[in-house]
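Participant: Structure for this input, please:
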Amino acid sequence: MDLADEIVAILALLNKEECPVQILKFISNLDFAPNLGIVVRILLTLPISVASGERSLSKLKLIKTFLRSTTTEDRLNGLTTIAIEHELAEEINMLKNL
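Facilitator: Numbering: from 1, shown residues only. Modelled structure (predicted):
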């Protein structure tokens with residue numbers, strides 16, 4: 001039985017006033033409509049709007065910007081320290097070569 005046949009068969013059995021969760025429970029108890037059960041589960045898990053996705057992308061962008069700026073700041077601090085203490089850095093390199 002394909003999906004279209006399952007929909008026709010279930011529509012004949014369903015009460016028109018049932019909510020989607022009740023429909024899913026009804027379909028889950030049946031053995032002859034596995035495709036329709038999968039479709040209803042997917043539809044129940046889809047977000048109604050894309051606002052949550054947009055918010056998460058916006059937060060991700062903020063986090064990436066923060067990480068870039070702090071990484072750059074850490075690198076600049078490290079390079080500044082090496083530039084100031086270049087003699088000490090050269091001694092460390094020589095000790096590693098021994």
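
Participant: For the closest residue to residue 32 other than its chain neighbours, list the residues it contacts.
Facilitator: Nearest residue to residue 32, sequence neighbours excluded (Cβ to Cβ, 6 or more residues apart in numbering): residue 1, at 6.6 Å. Where C-beta positions appear, they are placed from N, C-alpha and C, glycine not excepted. Neighbour list for residue 1: 9, 32-33, 35 [criterion: Cβ atoms under 8 Å, 6 or more residues apart in numbering].

Participant: Repeat the analysis, applying 10 Å as the threshold.
Facilitator: 8-9, 32-36 (Cβ atoms under 10 Å, 6 or more residues apart in numbering).

Participant: any chance of these in TSV, plus distance to residue 77 and secondary structure?
Facilitator: Listed next are those as TSV, based on distance: Cβ to Cβ, whole Å; DSSP: H, G, I helix; E, B strand; the rest coil:
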residue	distance to residue 77	secondary structure
8	69	helix
9	69	helix
32	68	coil
33	63	coil
34	60	helix
35	60	helix
36	60	helix
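
Participant: Check the residue nearest to residue 32 and give its pLDDT.
Facilitator: Residue 1 is assigned 70 on the pLDDT scale.

Participant: hang on, the earlier thing: and the contacts of residue 1, which two are furthest apart?
Facilitator: 8 and 34 (15.4 Å; Cβ to Cβ).

Participant: That's all I had, so thanks and see you.
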